[in-house]
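Asks: Next come a sequence and a model predicted from it.
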Amino acid sequence: MNFLAHLVLAGDNEDLRLGALLGDFVRGNRALEQYPAALRRGIRLHRHIDAFTDELPEVVALRRTFDKPFRRYSGILIDLGLDHELARHWDRYSKVALEQFDRDVRTLLDRRSEYVPERLKRFMAYADRRGLFASYASREEVLHSLRGVGRRLSRPNPLHRADEIWDEFAPRLATAFEPVFAAVQSAVRSWLNTKSTTTGS
């Protein structure tokens, strides 16, 4: 799952939502210690979602459809693709317009800026320039994002050529999206019901 999906899965809880964004920028358990318990819970939820999603049969099957050299980077393609499908079908998953949801995220980050690391601030500056997360509904914006990810990776990769396979990949992703997202929503509800809201465990 990518940023937009994590934010939606966090629900209306501000701490879970902020933790959803922090999840990709806070590595290891020691780094968690600098955050309040409620934010640690959100970061752990982010990690749980990633681990759960990676093991779903539909996602495993999708990864196997990629040929070299894209298979090595299939997780990135699928993550951004899931955000693309979520943005395309936004009204099924939120009563708030995507553009308003986008603005609400910025407001949250401004209000809780003491917890926002520099790397996340830089990403959000980029997101503001590109109109993310609302523009994830656009095929071209997702392809642009994939090229950007490819440039940031340390080793040569084919993500700048994702347009070559996107039209073949997109229908498979569209078919998998609804069952994948429903399974993850159920997993999130179960996780939240079994984890303490006070200890962040």
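Replies: Arrived safely, thanks for sending.
Asks: Please make it C-alpha for all contacts and neighbour counts, starting now.
Replies: Noted.
Asks: Look up how far Trp166 lies from Arg172.
Replies: 10 Å (Cα to Cα, to the nearest Å).
Asks: I should have written Arg151 there, sorry.
Replies: The value you get for Arg151 to Trp166, if Cα to Cα is used, is 18 Å.
Asks: Okay, buried residues for the longest helix seen in the chain please.
Replies: If each helix of the chain is counted by residues according to DSSP state H, the longest one is helix 163-194. Residues 163, 166, 169-170, 173, 176-177, 180-181, 184-185, 187-188 are the ones in helix 163-194 that count as buried (16 or more other Cα atoms under 10 Å).
Asks: Dump the residues you listed into CSV; add distance to Gln34 as well.
Replies: Shown next, in CSV, are the buried residues of helix 163-194 (distance: Cα to Cα, whole Å):
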residue, distance to Gln34
Asp163, 40
Trp166, 40
Phe169, 40
Ala170, 40
Leu173, 37
Ala176, 37
Phe177, 35
Val180, 33
Phe181, 31
Val184, 28
Gln185, 28
Ala187, 27
Val188, 24
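Asks: And those, which is closest to Arg40?
Replies: Val188 (15.4 Å; Cα to Cα).
Asks: gap between stretch 143-152 and the chain center?
Replies: Relative to its chain's centre, stretch 143-152 lies at 15 Å (Cα atoms, centre = their mean, to the nearest Å).
Asks: Can you name the next helix or strand after the lowest-mean-pLDDT helix or strand in the chain?
Replies: Across the helices and strands of the chain, mean pLDDT, DSSP states H and E gives its lowest value to helix 118-130, namely a mean of 93. Next in sequence after helix 118-130, counting helices and strands by DSSP states H and E, comes helix 139-152.
Asks: Now do that next one against helix 118-130, angle only.
Replies: For helix 139-152 against helix 118-130, the angle by axes from the mean of the first three to the mean of the last three Cα atoms, to 10 degrees is 150 degrees.
Asks: so how far is the least confident helix or strand of the chain off the chain centroid?
Replies: With Cα atoms, centre = their mean, you get 15 Å for helix 118-130.
Asks: and it, which residues are buried?
Replies: Along helix 118-130, these residues count as buried under the neighbour rule (16+ other Cα under 10 Å): Met124, Ala127.
Asks: which outside residues touch that helix?
Replies: Leu21, Leu22, Phe25, Phe133 (Cα atoms under 8 Å, 6 or more residues apart in numbering).
Asks: Can I get that helix in CSV, CA atoms only?
Replies: The C-alpha coordinates for helix 118-130 follow below in CSV (Å, rounded to 0.1, in the frame of the first residue of the first chain):
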residue,chain,number,x,y,z
GLU,A,118,12.5,16.5,7.2
ARG,A,119,12.2,13.7,4.6
LEU,A,120,8.4,13.7,4.9
LYS,A,121,8.4,17.5,4.7
ARG,A,122,10.4,17.3,1.4
PHE,A,123,8.0,14.6,0.1
MET,A,124,5.0,16.8,0.9
ALA,A,125,6.6,19.8,-0.8
TYR,A,126,6.9,17.6,-3.9
ALA,A,127,3.3,16.4,-3.4
ASP,A,128,2.1,20.0,-3.3
ARG,A,129,3.8,20.8,-6.6
ARG,A,130,2.3,17.7,-8.2
